[in-house]
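Engineer: Attaching a predicted model along with its sequence, questions to come.
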Amino acid sequence: MPPVESVKLNKPIHILGAGLSGLSAAIVLARSGCEVHVHEIRADSGARFDGDFQGIENWTRPVDFLTEMKQWGIDPGNFMATPFREIDLVAPDGRISVARTPATAFWLVERGTGERTIDQGLKRQALAAGVRLHYRSTRPREQCDVVATGPRGVTGIVRGELFRTSHPDRVVVQLDDRLAPGAYTYMIVTGGVGLIATVLLRRQRDADRFLDESLAWYHAHYPRLDRDPIRRLGGVGCFALGSRYRVGERLYVGEAAGLQDCLWGFGIRYAVTSGVLAARALLGGEDYEGELRRRLRPFQAASLANRWLLGRLGARGLSGLARVWMWDQERRGDGLPFLSRLYRPSWLHWLLFKTVAGRGLDRIPGPDDGTGARYLPMLPPERRDDWPLSEAGRAVSAARRQPAGKTGHPQEETWQTST
């Protein structure tokens with residue numbers, strides 16, 4: 001996107017929500033000379049999260065995302081962003097493959113209210129640009145220019161454990177329907193801190209047992225993993241699809257607009273990009289609705305089609321897909337093009353989205369905000385989800401339930417909303 005000339009609007013701009021999309025819009029507007037007010041119902045930016053890690057994908061666009069942020073006037077050096085060029089991919093058959101690229105596959109960022117989080121990094125830039133942040137404050141959305149309030153439905157839940165470790169930096173993604181019904185588990189280790197989490201897209205009576213069994217699995221397959229638990233964390237996520245992004249004079253951004261990667265939840269690029277596009281539209285430089293439909297919606301529809309398709313491959317199909325990925329990587333010397341092709345919108349994605357993938361979407365709970373957004377509801381449990389913990393899983397569960405004095409480290413549980 002070419003730069004927008006600095007234009008000072010004749011009225012204050014009000015943004016509802018101080019998350020990544022709201023702050024990104026505020027930074028661009030304030031640096032163009034606008035008076036910007038951001039209203040956030042929580043006590044701080046990033047208060048939804050609790051120090052967990054998230055990835056910014058780097059395969060849907062030809063330009064590196066941090067480079068793109070710099071072009072928009074947002075400094076990525078203001079928060080921690082760790083590049084990763086390889087991940088361990090664990091297929092349902094247990095085979096561990098290493099997907100790698102000479103480029104940066106994704107950037108790892110921390111979420112929350114800590115100093116090095118992306119949330120606080122954008123907050124510092126907003127304050128430096130002159131944005132007026134109003135925490136523990138709200139405003140009727142009809143009186144706002146940008147709505148950035150986050151998700152409203154529930155597609156899945158996340159259960160994770162944050163821990164200290166001496167294990168080398170590593171990212172692992174495991175496609176195991178047993179440990180993560182309908183989704184995946186993952187392990188992220190960076191700078192002596194680790195996170196193991198399971199994502200569940202089917203409802204369960206006891207979600208913690210899936211995390212306990214996942215922790216046991218990672219210990220068995222990564223023997224160097226020493227785990228000193230800090231706390232458990234978790235929450236909800238929502239995959240949605242909006243039909244309109246402008247309602248009257250209001251622009252909807254991020255998850256408030258239903259902008260999210262419906263396959264693996266890489267939503268940060270959607271959030272920041274939509275915030276910047278909204279700011280540019282208010283400054284007179286972009287057709288917001290048109291730009292979103294051109295730049296983001298095709299990828300979101302493709303991700304929804306991919307979720308429908310991969311959900312029907314089964315364990316053998318997913319294992320086969322992993323083998324094809326590794327074959328393509330060996331042939332090219334780079335595993336990133338395969339992932340880019342998986343995400344790139346195509347006629348097949350469009351056909352699946354129009355005929356089957358889009359039919360499972362429900363109306364967003366609560367009053368209609370005019371966007372016509374629909375979300376992918378959480379699925380019911382299946383019989384195969386009912387299984388007893390292994391001996392190792394029971395040991396993890398027993399250690400979790402012991403008082404702090406008996407284990408040497410407190411097992412504090414803090415349940416935050418995350419995606």
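Structural biologist: Structure's in. What do you need?

Engineer: make it CA atoms for all contacts and neighbour counts henceforth
Structural biologist: OK.

Engineer: Which residues in stretch 208-218 does the neighbour count mark as buried?
Structural biologist: 208-216, 218 (16 or more other CA atoms under 10 Å).

Engineer: With respect to Leu283, which of the residues you listed is nearest?
Structural biologist: Nearest to Leu283, judged by CA to CA, of those is Leu211 at 46.6 Å.

Engineer: Can you pull out the low-pLDDT segments for the stretch 1-150 of the chain?
Structural biologist: Counting by pLDDT under 70, the low-confidence segments of the stretch 1-150 of the chain come to 1-9.

Engineer: now the strands for it?
Structural biologist: According to DSSP state E, counting those that start in this stretch, the stretch 1-150 of the chain carries its strands in the segments 13-16, 36-40, 53-57, 82-84, 86-90, 96-100, 106-110, 132-135, 146-147.

Engineer: Any chance of TSV for those, columns mean neighbour count and distance to Pro388?
Structural biologist: Shown next, in TSV, are these (neighbours: other CA atoms under 10 Å; distance: least, CA to CA, whole Å):
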stretch	mean neighbour count	distance to Pro388
strand 13-16	25	45
strand 36-40	23	43
strand 53-57	20	29
strand 82-84	16	35
strand 86-90	20	22
strand 96-100	17	25
strand 106-110	21	34
strand 132-135	18	45
strand 146-147	30	45
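
Engineer: Let me have the ones you listed in TSV, extended by distance to Arg170.
Structural biologist: Shown next, in TSV, are those (distance: least, CA to CA, whole Å):
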stretch	distance to Arg170
strand 13-16	37
strand 36-40	35
strand 53-57	12
strand 82-84	9
strand 86-90	7
strand 96-100	11
strand 106-110	11
strand 132-135	36
strand 146-147	36
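
Engineer: Quick one, which of those strands gets closest to Asp386.
Structural biologist: Checking the strands of the stretch 1-150 of the chain against Asp386 by CA to CA gives strand 86-90 as the closest, at 22.2 Å.

Engineer: sorry, back to before: and the buried residues of stretch 208-218, which of them are in helices?
Structural biologist: Among those, the members falling in helices (DSSP state H) are 208-216, 218.

Engineer: about what we covered before: quick one, which of the strands of the stretch 1-150 of the chain gets closest to Ser319.
Structural biologist: Here strand 86-90 is closest among the strands of the stretch 1-150 of the chain (CA to CA), at 8.7 Å.

Engineer: what are the pairing partners of that closest one, and which direction each?
Structural biologist: Here strand 86-90 is paired, per DSSP bridges, with strand 96-100 (antiparallel), strand 170-174 (parallel).

Engineer: Reformat the ones you listed as JSON lines; add distance to Val109.
Structural biologist: JSON lines is the format used below for the strands paired with strand 86-90 (distance: least, CA to CA, whole Å):
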{"stretch": "strand 96-100", "distance to Val109": "19"}
{"stretch": "strand 170-174", "distance to Val109": "13"}
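
Engineer: And the ones you listed: which comes nearest Trp387?
Structural biologist: It is, among these and with distance given as CA to CA, strand 170-174, at 18.8 Å.

Engineer: buried sites along that closest one?
Structural biologist: Neighbour-count burial for strand 170-174 flags 171-174 (criterion: 16+ other CA under 10 Å).

Engineer: And the strands in the stretch 201-350 of the chain?
Structural biologist: 228-237, 240-241, 246-247, 250-252.

Engineer: rank those strands by pLDDT, which is bottom?
Structural biologist: Within the strands of the stretch 201-350 of the chain, confidence is poorest for strand 240-241, with a mean of 83 (mean pLDDT).

Engineer: Tell me where this protein has helices.
Structural biologist: 20-30, 65-71, 118-128, 208-221, 268-282, 288-295, 297-310, 314-332, 336-343, 347-355, 391-401, 404-407.

Engineer: With distance to Gly156 added, can I get these in TSV?
Structural biologist: Listed next are these as TSV, based on distance: least, CA to CA, whole Å:
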stretch	distance to Gly156
helix 20-30	21
helix 65-71	27
helix 118-128	23
helix 208-221	14
helix 268-282	17
helix 288-295	25
helix 297-310	13
helix 314-332	19
helix 336-343	21
helix 347-355	20
helix 391-401	22
helix 404-407	30
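
Engineer: Pick the most buried one from the ones you listed.
Structural biologist: Across the helices of the chain, averaging neighbours per residue (mean count of other CA atoms under 10 Å) puts helix 20-30 on top, at a mean of 29.

Engineer: In terms of secondary structure, what does that one contact?
Structural biologist: strand 13-16, strand 36-40, helix 118-128, helix 268-282 (3 or more CA pairs under 8 Å, 6 or more residues apart in numbering; DSSP states H and E).

Engineer: Partner strands of the shortest one, with direction?
Structural biologist: Sheet pairing of strand 13-16 (DSSP bridges) gives strand 36-40 (parallel), strand 146-147 (parallel).
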